[in-house]
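K.L.:
Have a look at this prediction, sequence included:
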Amino acid sequence: MTGELLQLSSLSGGYPPVSVFRNVDLTIGKGEAVGLFGPNGHGKTTLLKTVAGLIDPWDGEIRFDGRRLNAEGVMAARISKHLNYDLFRRRRIQARDVVRAGLIYVMQGNLLFPEMTVDEVLHIAPSASRGRSGVSEMQSLVRDLFPRLRERRHSKIRYLSGGERQMVSIAVGLLALPRLLILDEPTLGLSPKLRLELSEAIARIRDAQVPLLVVDQNVEFLTSLVDRLYLFDHGSITSEIDKAHMPSHDEIMTMLFGSAP
């Protein structure tokens, strides 16, 4: 690791007026893979959407490779519950700036283009790379990782299985040539066979030196993949664990939920 790539400092956010996460400090080094693990519904996805520029942060700082991505200061409160204040307020972070910097977020839920074919989606994906070099090499990696997509290249996205759509989602993220790839619940809702297949593909992405931030409910998968693991509970980071001291599944459950009575 040679310096920090992503740095979150005292980051807070949510959906006004509801606070979802508070005072999050998190770092990812260049060449590092980091995991985020915690109970469902405690703010992990909201945090990732904020880092990706889809939701405005309330306070704190997001820095990517030394450059601040969000505006300084505390977000002003809404002045009226009857007015869409966002129409008149300048965004505190722009998703296009995040993508241009090379921070690529693959969200959960396979939100793709249902009427486009696999080939069409993968053809337009490199346009998000903003001129970063290595498209042909990444295309080769994607073909190697997901041979099933070649078989389904003429199929519309809407006709793919959940696992196949997730493969397309990750392939799109890779073809944007990420300097950091964020994966939000990549194995969620998949059959055991497809979950294993996706987990092995993500491990190979890690081996290809793509920096990662991964959220997943499969803690064994996370601990085998990452250099460091953050535990996230009730909107806050409660622990940071490095690979040399990675606890077992049962120990992590105890750290989050306490001992069974």
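P.N.:
Here it is on my side, so go on.

K.L.:
name the element residue 142 belongs to?
P.N.:
Remark: residue 142 resides in helix 135-145, with elements defined by DSSP states H and E.

K.L.:
what packs against that helix?
P.N.:
Using 3 or more CB pairs under 8 Å, 6 or more residues apart in numbering; DSSP states H and E as the contact definition, the elements that helix 135-145 packs against are helix 147-151, helix 162-175, helix 192-207. All C-beta spots, glycine's among them, are computed from the backbone N, C-alpha and C.

K.L.:
I'd like the ones you listed as JSON lines, with mean neighbour count appended.
P.N.:
Supplementary listing: those in JSON lines, determined by neighbours: other CB atoms under 10 Å:
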{"stretch": "helix 147-151", "mean neighbour count": "14"}
{"stretch": "helix 162-175", "mean neighbour count": "22"}
{"stretch": "helix 192-207", "mean neighbour count": "16"}
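
K.L.:
show me the contacts for the closest residue to residue 90 other than its chain neighbours.
P.N.:
By the measure of CB to CB, 6 or more residues apart in numbering, the closest residue to residue 90 outside its immediate chain neighbours is residue 71, 7.6 Å from it. When contacts are counted by CB atoms under 8 Å, 6 or more residues apart in numbering, residue 71 touches 90, 92, 93.

K.L.:
Neighbour-wise, which one of those residues leads?
P.N.:
Highest neighbour count within the contacts of residue 71: residue 92, with 22 neighbours (other CB atoms under 10 Å).

K.L.:
How is it assigned, secondary-structure-wise?
P.N.:
Each residue gets one of three states, and residue 92 gets coil by DSSP: H, G, I helix; E, B strand; the rest coil.

K.L.:
what's the distance between it and residue 12?
P.N.:
12 Å (CB to CB, to the nearest Å).

K.L.:
and for those two, which residues touch both?
P.N.:
Between them, residue 92 and residue 12 have residue 57 as joint contacts when contacts are counted by CB under 8 Å, 6+ apart.

K.L.:
The helices and strands packed on helix 135-145: which one's closest to residue 140?
P.N.:
Closest to residue 140 of the helices and strands packed on helix 135-145, according to CB to CB: helix 162-175, at 10.8 Å.

K.L.:
ok, residues contacting the helix or strand containing residue 35?
P.N.:
With the criterion set as DSSP H and E, the secondary-structure element containing residue 35 is strand 33-37. Under the contact criterion CB under 8 Å, 6+ apart, strand 33-37 has outside partners 26, 28, 44, 47, 206, 211-217, 219, 222-223, 225-232, 252.

K.L.:
quick one, that strand and helix 192-207 angle?
P.N.:
Between strand 33-37 and helix 192-207, the angle comes out at 140 degrees (axes from the mean of the first three to the mean of the last three CA atoms, to 10 degrees).

K.L.:
Just the buried positions in strand 33-37, please.
P.N.:
Residues of strand 33-37 classed as buried under the neighbour-count rule (16 or more other CB atoms under 10 Å) are 33, 34, 35, 36, 37.

K.L.:
Do me a favour and average the pLDDT over it.
P.N.:
Here strand 33-37 scores 97 as its mean pLDDT.

K.L.:
Next, find the distance separating residue 247 from residue 198.
P.N.:
When distance is defined by CB to CB, residue 247 is 24 Å away from residue 198.

K.L.:
Would you enumerate the residues in contact with the residue nearest to residue 202 when sequence neighbours are not counted?
P.N.:
Leaving out its chain neighbours, the residue that sits closest to residue 202 by CB to CB, 6+ apart is residue 186, at 6.3 Å. Contact partners of residue 186, counting by CB under 8 Å, 6+ apart, are 106, 108, 166, 170, 198, 202, 214, 216.

K.L.:
give me that answer again for 7 Å
P.N.:
Taking CB atoms under 7 Å, 6 or more residues apart in numbering as the criterion, residue 186 is in contact with 166, 170, 198, 202, 216.

K.L.:
And for the residue nearest to the third one when sequence neighbours are not counted, the neighbour number?
P.N.:
It stands for residue 198. Counting by CB to CB, 6+ apart, the nearest residue to residue 198 once its immediate chain neighbours are dropped is residue 187, at 5.2 Å. Around residue 187 sit 23 other residues, with neighbours defined as other CB under 10 Å.
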